[in-house]
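Chemist: Based on what follows, work out the 3D shape:
(4 chains)
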There are 4 protein chains.
Amino acid sequence: MTTFSPTTADALARQAIELPSWAFGNSGTRFRVFPTPGTARDPFEKIADAAQVHRHTGLAPTVALHIPWDQVDDFGVLRRHAEDNGVALGTINSNTFQDEDYKFGALTHEDESIRRKAIEHHFACIDVMHATGSRDLKIWLAEGSNYPGQSDMRARQDRLHDSLQQIYARLGDEQRLVLEYKFFEPAFYHTDVPDWGTSYVQVAALGDKAMVCLDTGHHAPGTNIEFIVMQLLRLGKLGSFDFNSRFYADDDLIVGAADPFQLFRILVEVIRGGGLNNPEVAFMLDQCHNIEAKIPGQIRSVLNVQEMTARALLLDREALAAAQTANDVLAANAVFMDAFSTDVRPTLAAWRESRGLPADPMAAYAASGYQERIQADRVGGTQAGWGA
Amino acid sequence: MTTFSPTTADALARQAIELPSWAFGNSGTRFRVFPTPGTARDPFEKIADAAQVHRHTGLAPTVALHIPWDQVDDFGVLRRHAEDNGVALGTINSNTFQDEDYKFGALTHEDESIRRKAIEHHFACIDVMHATGSRDLKIWLAEGSNYPGQSDMRARQDRLHDSLQQIYARLGDEQRLVLEYKFFEPAFYHTDVPDWGTSYVQVAALGDKAMVCLDTGHHAPGTNIEFIVMQLLRLGKLGSFDFNSRFYADDDLIVGAADPFQLFRILVEVIRGGGLNNPEVAFMLDQCHNIEAKIPGQIRSVLNVQEMTARALLLDREALAAAQTANDVLAANAVFMDAFSTDVRPTLAAWRESRGLPADPMAAYAASGYQERIQADRVGGTQAGWGA
Amino acid sequence: MTTFSPTTADALARQAIELPSWAFGNSGTRFRVFPTPGTARDPFEKIADAAQVHRHTGLAPTVALHIPWDQVDDFGVLRRHAEDNGVALGTINSNTFQDEDYKFGALTHEDESIRRKAIEHHFACIDVMHATGSRDLKIWLAEGSNYPGQSDMRARQDRLHDSLQQIYARLGDEQRLVLEYKFFEPAFYHTDVPDWGTSYVQVAALGDKAMVCLDTGHHAPGTNIEFIVMQLLRLGKLGSFDFNSRFYADDDLIVGAADPFQLFRILVEVIRGGGLNNPEVAFMLDQCHNIEAKIPGQIRSVLNVQEMTARALLLDREALAAAQTANDVLAANAVFMDAFSTDVRPTLAAWRESRGLPADPMAAYAASGYQERIQADRVGGTQAGWGA
Amino acid sequence: MTTFSPTTADALARQAIELPSWAFGNSGTRFRVFPTPGTARDPFEKIADAAQVHRHTGLAPTVALHIPWDQVDDFGVLRRHAEDNGVALGTINSNTFQDEDYKFGALTHEDESIRRKAIEHHFACIDVMHATGSRDLKIWLAEGSNYPGQSDMRARQDRLHDSLQQIYARLGDEQRLVLEYKFFEPAFYHTDVPDWGTSYVQVAALGDKAMVCLDTGHHAPGTNIEFIVMQLLRLGKLGSFDFNSRFYADDDLIVGAADPFQLFRILVEVIRGGGLNNPEVAFMLDQCHNIEAKIPGQIRSVLNVQEMTARALLLDREALAAAQTANDVLAANAVFMDAFSTDVRPTLAAWRESRGLPADPMAAYAASGYQERIQADRVGGTQAGWGA
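Modeler: As a prediction, this is how the structure comes out:
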């Protein structure tokens, strides 16, 4: 293969993956957050860094914000800063897990005043969305409990519904709420939205503007994630992906780094279900570059998604369907693996160049001098992080 | 504690757990099915054995059948045999995993003639239900695929919906369809109903008479099962339990044997959600006594459920609610553990005797001579099994 | 049961569980460390808090230190402070995961100067041990890698051996090195001592004074931990326990909170293998009280271990052996569960009182006014934590 | 890349993968064993089928036997049959899991007469080895227990040691014993050799001719298998691989089908540790073709191993070492992924042709007419299987 088919090339050209602003700040584990030279110190620097990813890949035109980590006085200024850098502001992520009031819950809290505060935090996020032009309000609930008996899971579920309903009612016509689920962490016994089923029933109870967010690292061991992708697309409720990879828990590693074949299977199912380049299905990263360089880490990540998308687009669906219909297990698997085994990198490199992008975005970034510049310039101040 | 409160005693008196006929036949692993002396050779003997469990415990008034394992010429005769033995026939379980036609699927099969055959098998099961007076048709789908690419998961899901709809339409007014989910096995890459979410969306699309069946051994490692119990009760869709226990996969061990605290937590949530002694929520066992004696294995199982129900009923919900409201984690957990740590066995023994039941059903069965009798009498013939 | 047998009472009277100083500081997840009112601000306050646990339970005569978290100018002073509070200083825990030099390894680091620094940190810990009178140097390696290819696992293993050998050579005659293993976290792809096998081969290569530390939360899902306890006792290499409990990963919850039956099974195997009250086998806690009160959290923890020890001591080993020999699966399991199901709390309460201890240590602590006092007194300063 | 380097080509030319005779018989799950048209009916036909795999791939010169599944009157005749078909007989696998006597154990059984019988079965296997010219006696222990308390794990471990010692003493000078470990199944609570550590300590206690067998499907979820490969090679105790792949449990799927990247990582570590084409480290398959065609299933399997070996041989170890030394995480991972991402299939095809082998062994087998012939010829008789 030396060139992509026009359809494939077109699909690749339209692909867009949103970057998380927090990937450009420091992150770590409960044991230690190691600093990285040149790390951004504020939302403006984070966006400048994110723009580098887009500049070298053409894949990352938007940046998601996290409130309050990216709180600024004037989001209009931040928006113009982004535009000046060639990117736009994207999804707004709320945060209900760091205020002391939220130690035992937020949108599910039994204390009405704390629950009210958490709901109003989301109202404030919606206000930010109006200022930034963002469409999606993403809610990841860190809520849950650590010990059996600690809380009434049923009542929390009902309060969650009520809280979400109030937030949903506040959305603008073009805005959406996407509800993320997560198996465990930071809560260890139960989380209030642990699985796609719970997220689905909660958003289905809200209305058409509420969707599910699937984070690829938020499942029990052994979960068939592409099945969930298929099911949510079938139900019309897959609102967005948080891409990353994991070996054990929510490791938040570079997408495609732990199990590239799983990423391929997910993308095959996305394409099968009409989710590729479908505005209803946002592609985002949610990663932590604890020990590796952050900007190249993000470049590698979007390239990994692009590469697996290209492989998935190569899948000969007619041949696959024929083998499936014949129940020829080995033939069907061979067609499937044929796409996965194809090395699309040379073709992608040529295609990038044809579009005025560097053949090797990693090398182009390294050669750009940007990293050296920020390491030299960003002296003083406090590197951005999670504020944990 | 020397006696139960009237409420607790009443709840215990009303508890009923359905036994699976197949627990009285031989079972094993893919490596070996070991025979057990005295094993029943036909449905009549299985029901006679099941009746022993009820006789000594008062807990197991019904027996579930599996078609075709329990196929007989005249189900009216089998029904009267059950009644003569003091039990009734219960849930009818279909089987779409042993006919060669079903090697690649049944209700999801791409070949319309095979799918038709599988649907009609369920029609036949419904006919059996009319003859046996059974309310529930339980469908466990063994369908899925072993290799990525082998089949089109999305199309299978749509065909499943169509098949279920046809079966649902055939149900009598008082009959129900319960759809079981299972993480894996016998299919290894994907199963068509792998999780509660899928079962829920499938049955929700059918109507009020379709419900979810939760088998406690059918989840990914680490899954918080009591959360699912809570959620399905909240959604009004928990149709039945298949109780058993597991350390790793679908081990089908005696319920409560692997993690008694988990069983307690499940029962606490059942009571919390109004699922105890609620006719909508059937309690059943689904177990394999591969190496242990079968009739005592079933007696032990229903006693384990009873014992954990008694402990769960002891939970001081007022004290728990107070501690929860105060977010006193340790106090709430202490109230919870206080119920779990209570040894209810002496009180249960006394209560059983007060109801004309043996204080120690295990000992009573051992002393009854039944086991010796069947081991002596059941000479010749073929012991019942799964016919795998 | 109203009293324990003399043997059981004696075993309980001799039981000692070491407390981790860090349990009295704040801890949390990568998302947030929530403060708790009254949290200790230095090693002296931590030890005072730990002494409360011993005062009310008689179970916790020693406190483990973590260097550098518990670094003080004069360990002799700290030692006397402990003695004044009725406790002694115990195991010294090294820390090679928070210095920036250790971002990519410490005892396994490819850079000899960094590896030297890590080795010398352990020499310093041994010096502390001489000052504190501690016997055990506990090494938990946070080292590993996050991405395939990142590092040469084999060379690291060899360097680890060399590092440990140097540290081992420095031990005093009465001192020991215990090497902890951990499945994952903070490294996500590989850890240098992931399993008991690796810890065993590393310490076996050192000599008799090197042993394995088993942390109950450091295993893959589904691991049969009591089997490992059995095996390490059989091999004479079980040096210590880090007790805690977990639902998913290394949750560090209160021991016995997640799966009390597992704790029982572990203690049965400890007793079976001669590990109870055996000076070779140290019992320690390693827990994080992220959201619950810390001192009562530790009291609850040692009580949980005591309670399960009492149940395990009740096991009728003769009856068990007879049932095992007869391969009577249900009888053997019944004997086993009979011990587990026994509510030992009233007997324990009476036995405690007979020894001059409060019947209910949790209530005694609550009534003591200590918590209110430290919440009032500990004003200003910085609460202790992990310094992450 | 259009040709392999001489070193790579040589390594590929020397690669040999042993086939399991049982892969050519029927297999399935506890739910059903589906027959496959043309399945071999006896050891002679199995070997003829296995020879087809070697004929088209040049990769599979030996066939492992399983006793008693492959019991014949005269193993000399079977040996000549194999040689006539261009292959040799390989590892002898014992079976201590299907005789009724072994229901509760074999080499670990408490009853000395049953344990004696199991030991003597291994003596008989050694006799077979002399007749077949086999080097390795492979012992997979299906032994364990299903319920806590059922058996004394410690005593079983000691008896296992004694049994193995007797078997080991019987080995000829050039013969070896390889001991396989397995996490669970068919036993559900404990298995007597659950992990590499246990297998290692058991074989280390025997002597130099005893080694560990690593089955890639026999680990807890999330286990880093290549770490174990590294460790066993480091310890000089990796005797053989049983290759297969799995999504959940011991699925026994085609190697490389579930996680090709994991297979790559394993092979990288094999090469790193000197295990490739090392006679000490036998490569074998252990798979079940439950639903797919068996002979092509085996062809696909050896090709998958070959393909990943080729990719692993492409790894630029100098560049990798440089990046590792620099702790350049992304660069090291990039070097690693560069090898994995390379499509070696065209080069392999050309290389095969240069050696007189078909470029596409799957197509060559399909075109050979062999499958049609056996389906036509093998009429009557009983298809081979596990005899479960």
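Chemist: Kindly state the pLDDT recorded for the residue nearest in space to the middle of chain A?
Modeler: The centre of chain A sits closest to A:D242, judged by C-alpha atoms, centre = their mean, with a distance of 2.6 Å. Note on A:D242: pLDDT of 98.
Chemist: That one touches A:L179, doesn't it?
Modeler: No. Here A:D242 does not reach A:L179: they are 11.9 Å apart, not a contact under C-beta atoms under 8 Å. For glycine as for every other residue, the C-beta is placed from the backbone atoms N, C-alpha and C.
Chemist: so what's in contact with these two at the same time?
Modeler: A:C213 (C-beta atoms under 8 Å, 6 or more residues apart in numbering or on different chains).
Chemist: related to what we said a few turns ago, residue contacts, the residue nearest to the centre of chain A?
Modeler: Contact analysis of A:D242 by C-beta under 8 Å, 6+ apart lists A:E180, A:C213, A:L214, A:D215, A:T216, A:G217, A:H218, A:M284, A:L285, A:D286.
Chemist: Which strand residues bridge it?
Modeler: Beta bridges link A:D242 to A:D215, A:M284, judged by DSSP bridges.
Chemist: gap between the residue lying farthest from the centre of chain A and chain D?
Modeler: Computed with C-alpha atoms, centre = their mean, the residue of chain A farthest from its C-alpha average is A:A326, at 37.7 Å. According to C-beta to the nearest C-beta, to the nearest Å, A:A326 stands 12 Å off from chain D.
Chemist: re the thing from before, can you pick the most crowded of the contacts of A:D242?
Modeler: Counting neighbours by other C-beta atoms under 10 Å in any protein chain shown, A:C213 leads these with 30 neighbours.
Chemist: Where does it sit: helix, strand or coil?
Modeler: strand (DSSP: H, G, I helix; E, B strand; the rest coil).
Chemist: got a list of what it touches?
Modeler: Counting by C-beta under 8 Å, 6+ apart, A:C213 touches A:K138, A:W140, A:V178, A:L179, A:E180, A:Y181, A:S199, A:G239, A:S240, A:F241, A:D242.
Chemist: Find the nearest non-adjacent residue to A:A9, please.
Modeler: A:W351 (6.3 Å; C-beta to C-beta, 6 or more residues apart in numbering or on different chains).
Chemist: Count the neighbours of the one you found for me.
Modeler: Counted with other C-beta under 10 Å, the neighbours of A:W351 add up to 20.
Chemist: can you list the residues of the stretch 251-388 of chain A near chain B?
Modeler: A:261, A:265, A:269, A:272-273, A:320-321, A:324-325, A:327, A:329, A:332-333, A:335-337 (C-beta under 8 Å from any C-beta of the partner chain).
Chemist: where along the stretch 201-350 of chain A do the helices fall?
Modeler: Using DSSP state H, counting those that start in this stretch, the helices of the stretch 201-350 of chain A run over A:225-234, A:260-272, A:294-314, A:317-325, A:329-341, A:345-354.
Chemist: Give me the buried positions along the shortest one.
Modeler: Within helix A:317-325, the residues that qualify as buried are A:L320, A:A323, A:Q324, counting by 16 or more other C-beta atoms under 10 Å in any protein chain shown.
Chemist: one step back: pick the one among the residues of the stretch 251-388 of chain A next to chain B closest to B:L206.
Modeler: A:G273 (22.4 Å; C-beta to C-beta).
Chemist: before we move on, back to that, the residues of the stretch 251-388 of chain A next to chain B: which two are farthest apart?
Modeler: Farthest apart among those by C-beta to C-beta are A:F261 and A:T325. That separation is 24.0 Å.
Chemist: ok now stretch A:317-329, how far from the chain's centre?
Modeler: Distance of stretch A:317-329 from its chain centroid, counting by C-alpha atoms, centre = their mean, to the nearest Å, is 33 Å.
Chemist: Stretch A:226-244 now?
Modeler: Worked out by C-alpha atoms, centre = their mean, stretch A:226-244 lies 12 Å from the chain centre.
Chemist: Now that stretch: buried residues?
Modeler: A:226-235, A:237-244.
Chemist: try stretch A:86-93
Modeler: For stretch A:86-93, burial by neighbour count (16+ other C-beta under 10 Å) applies to A:V87, A:A88, A:L89, A:G90, A:T91, A:I92, A:N93.
Chemist: related to what we said a few turns ago, okay if I get the contacts of A:D242 as CSV plus pLDDT and distance to C:A204?
Modeler: Shown next, in CSV, are these (pLDDT from 0 to 100; distance: C-beta to C-beta, whole Å):
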residue, pLDDT, distance to C:A204
A:E180, 98, 46
A:C213, 98, 48
A:L214, 98, 46
A:D215, 98, 42
A:T216, 98, 40
A:G217, 98, 37
A:H218, 98, 39
A:M284, 98, 48
A:L285, 98, 44
A:D286, 97, 43
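Chemist: if you skip the residues just before and after it, what's nearest to the residue in the stretch 151-300 of chain A positioned nearest to chain B?
Modeler: Minimum separation of the stretch 151-300 of chain A from chain B (C-beta to the nearest C-beta) falls at A:G197, amounting to 2.8 Å. The shortest distance from A:G197 to any residue other than its chain neighbours is 2.8 Å, reached at B:G197 (C-beta to C-beta, 6+ apart).
Chemist: ok, now which ones touch whatever residue of the stretch 201-350 of chain A ends up closest to chain B?
Modeler: In the stretch 201-350 of chain A, the residue that lies nearest chain B is A:F336 (2.7 Å; C-beta to the nearest C-beta). Counting by C-beta under 8 Å, 6+ apart, A:F336 touches A:V268, A:L315, A:L320, B:Y147, B:P148, B:G149.
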